[in-house]
Each structure stands twice: as structure tokens, then as C-alpha cells.
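Student: Provided below are the primary sequence and the corresponding predicted coordinates.
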Amino acid sequence: MKTSATAAAAVAIALASERTDTSVESIKQAFLNNLFFVQGKPVSLATHHDYYMALAHLVRDRMLERWNATAESYTQHQSRSVCYLSAEFLMGPHLGNNLVNMGIYDQVKQAMDELGLDFDDLLAQEVEPGLGNGGLGRLAACYLDSLATLEIPSLGYGIRYEFGIFQQDIKDGWQVERTDKWLRYGNPWEVVRPEWAVEVKFGGYTETYIDERRRYRMQWIPGRKVLGVPYDTPILGYQVNTANTLRLWKSEAIESFDFATFNQGNYYGAVEDKVASENLSKVLYPNDEKLAGKQLRLEQQFFFVSCSLQDMFRILEGQNIPVEKFHEKFAIQLNDTHPAIAAAELMRLLMDEYGLGWPLAWEITQKTLAYTNHTLLPEALEKWPISLFSELLPRHMEIIFEINSRFLDLVRMRFPKDTERLARMSLIDESGERYVRMANLACVSSHTINGVAALHTELLKETVLRDFYELFPEKFCNKTNGVTPRRWMALSNPRLTTMVSSRIGDSWIKNLENLQQLEPLVEDSGFREDWRSIKQAIKQDLASRIHTQFDILVDPASLFDVQVKRIHEYKRQHLNALHIVTLYNQLKQDPNLEITPRTFIFGGKAAPGYHMAKLMIKLITAVGEMVNKDPALRNQLKVIFLPNYNVTNSQRIYPASDLSEQISTAGYEASGTGNMKFAMNGALTIGTLDGANIEIREAVGADNFFLFGLTAEEVVNLKAEGYRPNTYYQNNPLLKDTLDLIGSGHFSRGDRSLFKPLIDKLLYHDPFMLLADYQAYIDCHRTVGEAYSNTDHWTRMSILNSIRMGRFSSDRSIREYCQEIWKVSPLNVSLKGYGRSTGGHGNELTCQLS
């Protein structure tokens, strides 16, 4: 027996070496093994995608030891855990990020080089999971990276959308949407856990009964059920053993095939339940203009929230923790209002499934939930028609009515006879058709409410959540967003990373504040030259890509003026376009005019149903078409719209940018995170005092930030006084000429009607104050051009922008959440080795197998 056990141990060690060793030779051998045994292809028949899959599986193998050790440590220590609930997780490509965080990027690159493979081509094979729309999902991804890096026990919960955010093409200058089939060739990073699937109920009715303890109880008799199946992805921290889990839920039918119905000849009916059930996780953000779309979105939100909460109760049971200690085990963060239904579902589970009374269930719920608000736009605060909500979630409607009744009693005591306040704060909007207000539910049921930038939090207190702040001032705090330097510097900008690390070591990747150690080198001319050379090389790379993709030559020495983000009127991409048309007009009127050569780069997607945003894209591309082919401009202006902006493409754009356009109307952007990524990579910002721009300007210094425009207070005051945009048009010849040129059909092949809706809205409504800010924006850009012409001075400002961005790491954000909201501490994970466990089960299993 001893001999057998020894032999088995030897096998385990050999397997461990094959699966976990990170030497170049072991990586090469594992790659070839995966190609043959996992992909089932000899080298002679393998495709580039086969090579990628073989490489991905070898990297995942080397993550699994950490992943399993992390899960075992959390279970053994019964650690308090963060559960981050988000409808979006825009993770970006996994391969490169995992190589950076494991510290094996160079070894793997060398191994692939020695095998005669193009490493960059392998990285490019990965299809990005488009499980998010923009900043909300990307913030969630950065936070998962930081949670793992800081060794915080945590789980991310969301939806495994079969089709993510659409792929964007530009045809004849218009956005065209294509289906995002990110799962077409499989996903090597996920592990399905069907044994942890849960049932989710919809519809039906409720009824009362008396339980065995003679208590009056409610039960929900559902009209239908679906199955939620978890798919887990390891999220590896940087240079630590911690690998947390992103758990995404796929909806399936309880019975996917009705054999009896099929035998009756009803072939569609046999799979009808499967089709209906799988629709829940089919697509990210279905169009909700129609009632069917609204229902599907509400179903999606409840589906992933119910799955996630049931999963937490499973974990609780597995660790033998009493239900009454749910709030001690879990800290749940609601990432915006999409998961706000968690309040009612947690109450239902605690009361109806686990038998707790209302007072204790409500105490646990409030001690568990915290809510992050991401918007100042009242129309973006979700609400659902009572008729729809009651039909879909009858038990939750009852619970929400009861929460509301008790809450309004509290409001009456605090603010007697204030009926208008009661109406505003009620969880039910009674002003017309009745609605459930999800932001109000989140505020009432959470112990903490946070904004995501200092200005945003103050505006929340003063505007959309003012009533709740006056009632619960202790609940409110600010947690300014942050981004992970692992993806947005170390991975995206390897040239700069290498140069910086050669001067101060690589500790800054995990402690971004350490970049300030470079401050004395700002006065070193050699360091400035190195910085400038790196930026120029990266710009040359992007210029080459633009030439290859669009057959347009751009000068890498020109100012790369970049605005990449979701297309929306409040983000004001059309203000940027007005500046371009102004410059174009000036150059046409004075052929000898010399300006700072600029390459304007745009990127971003418009919501499929948002016509004005799509028209803004058309304006940008139409101006670009005219500008790029006009020889009279002497290559002083170029305009590029990069289609299908996503994480992959952004990793090429941020490092190449000279100027970051953060020009939203003051008081409308909650925070922004693109502004941080640009600045980290040495771009200077032109921006308003909006969102996190204010804090970035404070950090980098006012002299290193190009400020323009109305403040949030001035915006409010001007609107209150009666803003008349047409007056600005009539009194500013430069602005008038610009808008008239667009309206004349000059950029639309003589079609005066094409851009008329956009121009009319600016002239007669202009809700986002473009015309009020126009001249200040033009003047500020003149200052930008003058600054860029002084190359050495610009380089100093670029360096200072980058090295003073330490406070905008997502690590700082997560530390603040942990200390002030979640009350969670790090847990160091030790690797026990393959085939061994802290409980000794690995040794027992080895003996059994032998």
C-alpha cells in the first residue's frame, strides 16, 4: 500500500509539473499537448484559433491551483465576502491580462516565439466578451481585478449573455449593428457548474397558510420556472495567489424537450419552453420601447439577482452558518439600480423560505445591501409599471408595498404634513400610470448610498436623491471611481511600463501612488526624451493601423485629439465636431493659415434606438470624409472614426493619445473612467468641471489641465433664467458660420435636410448647452495648440499627468469600499500544491486512486 501511495504521489507531482510549471520548456510542451489532446488537432491542421485555444487552456491550467486554493481558504475561514451584483461586466480579453497578473507574460511570449508563432497574433485571436455597454461594466471589471489583487474574498455576479453589446460597422457614415457572437467558438476561461443550478420563479399568484408553528405565512405559487446555471470564470489578482470568481448565470428550461408534444407532431411546441427560457440570458439590454422588451429586462434583472441570492444561501448552508448571520457573511453591493430587486427577493427568501419574521428579515436586508448610484439623469433611474411588476413578481409586489407602507410612516414622523415629500419619496410613483421606483427601493433598503465622484455625490444630495439625504444623511458617502493599472498601463502600454519600471522598479503596478517617485525625473532631459520617443512610437503604430484599415495617412507628429466613449448628447461629441468644422472653415477662408496639425480620433457606439446619437456619428464621418480628401488643408486636419470601440481597441488608443476630450455638460457625467485611463498614459485633458475631471485637475495641477465651460451651478442658473441658444448663434459670427455651413448641405452632398434635426435642436432647445460653451471651447483649443507647439513643455505636462494619477487606481477605490462600506479584510491564500488539501482529502483521494 505504501508503494502504491508513493507511486500515486509521483504521478500527482508529474501532473502538477505539467499543469503548473511556468518554465519556457514546460509551456512549450503544455501548448503542444493541448493542441493535440484538447483541440484534437495535429500541427499540420491547426488554425490560428486552435493555437489560441491551446495557449488559453495552458494559462487557465496554471490559474486553477490558485483558484481552487482560494475557494478552499474562503470555505475554511468562513470569510466575510463581497458579492458584487452587476448587470454588466465588460471584462475585455482575458489572455493578456492573466499573463500579466501571473507574471509569466515574457516566458509565454518567448515560448511562442521559439515555436515559430506570432504572439501578438495569438492575443488578437481572442473574441472579447461584450457583456457590458460602457463605463458601468468596465468599472465592475476593474473592481474585480482590484478585489483579487488586494486579496479580498469576493464574488462577481451577473448574466452570461449569449449575445453581448452589438458589433458596430460604419456604412456610408452610419452606424450599423451586427450580432455579437462572442461564444461562437467557445470560451476557454469559463467552467460550467450545473450541480449548483437553481430554479427561478415568475408569474402566478400568492396564497396564505398557517405553518406548523401556527404562524401566518405567505407562499408564492409560480406560473412558470426557469433554471439558472452558473458559469464561473477565475479572476486572478496581480502577483498574489488569490483567484476570485466571476459567476455568470445562463437561463435554461427546467425541461428542455417535451417528448409527448413532439410525438403528437407539434415539433415547435416540443422546444417552446426551451426557447422562452433561454431568452432571459440571450441578449444584453433588449430594446425596452415595447412592453415585451420591458418585461424581458425586468425578467433578466430578477433572474440574475434571484440566482445570486440563492447561491449565497447555498454557500451559507455549506459552511454551516445560520441564516440569521447572512449579513455577517455577505456584503452585497448593488452596481446601480439594475439589481435593486435584491431587496425584495432577499426579504422573500428570508421570510418565505427560511421562516424569519419581518423585523429580523428587514434588519438583515438593510445590513447586507449597499447601493452605488451612477447617474444624475432622473429619466435613467429605473422604474417599472405596477401592472407589469405585479403580473411578473406578485410576491415581490406585496413585499414592496409593505416596505413602502412602513417607510412612509417613518417619513410622516420625520416630516409631518409634507405630502409632496411623501409623494416624491414613495417607492410607488402615483403621478399617472403607477410605477415601482427602483432607485427609491435601493435607497430605503441599503445601509450605504454612494456616488462615484465628489461632485456627483454632492449633486445627488442636492438633486435626485435630496429627499433621501435629508432623511438619511448618515447613509451617504463618496467613492470616486478608479481603474486598474494592470490592464490600462502594464498590459496596454508595455513600452512605457518597461521604461518606468527601469527607473523605479515595478511596485507601482500594485501601488500606483509610487509613480510619484518619478517626479524628480521631470527635470531630466534624457527622461523627457525617452518619454517623448515612446509616445511617438505608439502613435506611429496607431497611424499605421489607421492607414491599413482606412487607407488614410495621418501624421504621427500631429496632435492626436481623441474622444472615445459612448455616443450621447450630454457627452457632446457634436461640440467636438463643431470645433473641427470651425477649423475647416477658417482654413478654407484663409489658405495660408497655419494651425497646429491635428488628427481627430473618435470612437463609440450609439444605442440602436437613439437616432440623435446616430446622427452625431453621421456628422462626424461626413465631416471626416470632406476634410480627409481636401488637399487645400495641407494635411493640417484629419478626422477618423474608429468603428466597434471596445476594450480591445481602447488598449491601442489610450496610450497613443495626446489630448483627452472630456467635454460633457457640467453636472451630467457621474464620474467617467476614460478620463483616468487617458491621463495615466500621459494624455492631457481638455474638459469641463464635471465628474472626476475636477479631482483629476486637482491631482495633476491646474496648469496641466485645459479647463473650459460653464460650471454645474452656472448650467442650472442659466436654465433657470431662460436659456436661449439662438441668441448665442446670432451674436457669434464664428458659431453662425459653422452651423450654417453644416446646414447648407456642404457635408451632406447638398442634402440640407440631413442634419436639420441636429441643428434645430441646438438652435431651439440645446439641453446640453453646446452653444453656451462653444466659444470657451474654441478659445481653450487655441491654448492647446499653442502648448503642443512647445514640445518639451508638453512632454513635462504629459509626464506629470501620468505620475500624479495614483489616487485613481481602482485599488484605492476598493480599499475605501472595504474599510468604510463593506467592513471586509484581506485573506492571504496559501498554495498547498496539486493533489493536496488542507483537510487531507487530497491524500485520501490519492490513496483511493492508487
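Tutor: Cool, the structure landed.

Student: contacts only, for residue 89.
Tutor: Contacts for residue 89 were tallied using C-beta atoms under 8 Å, 6 or more residues apart in numbering; they are 131, 132, 137, 140, 141, 144, 156, 158, 246, 248. Every C-beta, even on glycine, is put in place using the N, C-alpha and C of the backbone.

Student: quick one: it is in a helix?
Tutor: No - the assignment for residue 89, made by DSSP: H, G, I helix; E, B strand; the rest coil, is coil rather than a helix.

Student: which of the contacts of residue 89 fall in helices?
Tutor: 137, 140, 141, 144 (DSSP state H).

Student: name the nearest of these relative to residue 661.
Tutor: Ranking the ones in helices among the contacts of residue 89 by separation from residue 661, with C-beta to C-beta as the measure, puts residue 137 on top at 21.6 Å.

Student: gap between the closest one and residue 406?
Tutor: In this structure, residue 137 and residue 406 are separated by 34 Å, where distance is defined by C-beta to C-beta, to the nearest Å.

Student: return the distance of the longest strand seen in the chain from the chain's centre.
Tutor: Counting residues, the longest strand in the chain under DSSP state E turns out to be strand 224-236. Average the C-alpha atoms of strand 224-236, do the same for its chain, and the two points are 19 Å apart (C-alpha atoms, centre = their mean, to the nearest Å).

Student: check stretch 556-570 too.
Tutor: Relative to its parent chain, stretch 556-570 has a centroid offset of 19 Å by C-alpha atoms, centre = their mean.

Student: looking at this structure, which helix is longest?
Tutor: helix 48-77.

Student: got the angle for that helix vs strand 224-236?
Tutor: Compare the direction of helix 48-77 with that of strand 224-236 by axes from the mean of the first three to the mean of the last three C-alpha atoms, to 10 degrees and you get 90 degrees.

Student: next secondary structure after helix 48-77?
Tutor: Taking DSSP states H and E as the definition, the helix or strand that follows helix 48-77 towards the C-terminus is strand 81-85.

Student: sheet-wise, list the partners of that next one with their directions.
Tutor: According to DSSP bridges, strand 81-85 has the following sheet partners: strand 154-159 (parallel), strand 330-335 (parallel).

Student: from the contact counts, what lies against whatever helix or strand comes next after that strand?
Tutor: Counting by DSSP H and E, the next helix or strand C-terminal to strand 81-85 is helix 95-102. Counting by 3 or more C-beta pairs under 8 Å, 6 or more residues apart in numbering; DSSP states H and E, the packing neighbours recorded for helix 95-102 are helix 48-77, helix 105-114, helix 119-124, helix 135-149, strand 224-236.

Student: out of those, which is closest to residue 824?
Tutor: Closest to residue 824 of the helices and strands packed on helix 95-102 is helix 135-149 (C-beta to C-beta; 9.2 Å).

Student: what mean pLDDT does the closest one get?
Tutor: pLDDT averaged over helix 135-149 equals 96, rounded to a whole number.

Student: do the same with stretch 90-106
Tutor: Mean pLDDT, computed over stretch 90-106, is 97.

Student: circling back: turn the strands paired with strand 81-85 into CSV, columns for distance to residue 666 and mean pLDDT.
Tutor: Output for those, formatted as CSV (distance: least, C-beta to C-beta, whole Å; pLDDT from 0 to 100):
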stretch, distance to residue 666, mean pLDDT
strand 154-159, 32, 98
strand 330-335, 25, 98
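
Student: follow-up on the earlier one: what is the orientation angle of the longest strand of the chain with helix 135-149?
Tutor: Computed with the same axes, to 10 degrees, the direction of strand 224-236 lies at 50 degrees from that of helix 135-149.

Student: could you check the angle strand 224-236 makes with helix 95-102?
Tutor: For strand 224-236 and helix 95-102, the angle between their directions (the same axes, to 10 degrees) works out to 50 degrees.

Student: where does the stretch 601-750 of the chain have low pLDDT?
Tutor: Counting by pLDDT under 70, not a single residue of the stretch 601-750 of the chain qualifies.

Student: quick one, helices of the stretch 151-300 of the chain?
Tutor: If DSSP state H, counting those that start in this stretch is used as the criterion, the helices of the stretch 151-300 of the chain fall at 259-263, 267-278, 291-318.

Student: need the winner for burial among the helices and strands packed on helix 95-102.
Tutor: Per residue and on average, the most neighbours among those fall to helix 135-149, with a mean of 26 (mean count of other C-beta atoms under 10 Å).

Student: how far does that helix sit from its chain's centre?
Tutor: Here the centre of helix 135-149 is set off from its chain's centre by 7 Å, with C-alpha atoms, centre = their mean.

Student: for the longest strand of the chain, list the C-alpha coordinates in PDB.
Tutor: The C-alpha atoms that make up strand 224-236 are tabulated as PDB, following Å, rounded to 0.1, in the frame of the first residue of the first chain:
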ATOM      1  CA  ARG A 224     -43.500  29.200 -14.600                       C
ATOM      2  CA  LYS A 225     -40.000  28.400 -13.700                       C
ATOM      3  CA  VAL A 226     -36.600  28.600 -15.400                       C
ATOM      4  CA  LEU A 227     -33.300  27.200 -14.400                       C
ATOM      5  CA  GLY A 228     -30.200  29.400 -13.700                       C
ATOM      6  CA  VAL A 229     -26.900  27.600 -14.500                       C
ATOM      7  CA  PRO A 230     -23.700  29.200 -13.200                       C
ATOM      8  CA  TYR A 231     -20.700  29.600 -15.400                       C
ATOM      9  CA  ASP A 232     -17.500  30.500 -13.400                       C
ATOM     10  CA  THR A 233     -14.500  32.500 -14.600                       C
ATOM     11  CA  PRO A 234     -11.400  32.800 -12.400                       C
ATOM     12  CA  ILE A 235     -10.300  36.400 -11.800                       C
ATOM     13  CA  LEU A 236      -6.600  36.400 -10.900                       C
END
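
Student: for it, the averaged confidence score.
Tutor: The average pLDDT within strand 224-236 is 98.

Student: list the helices and strands it packs on?
Tutor: Under the contact rule (3+ C-beta pairs under 8 Å, 6+ apart), strand 224-236 is packed against helix 48-77, helix 95-102, helix 135-149, strand 191-192, strand 198-202, strand 243-253, helix 291-318.
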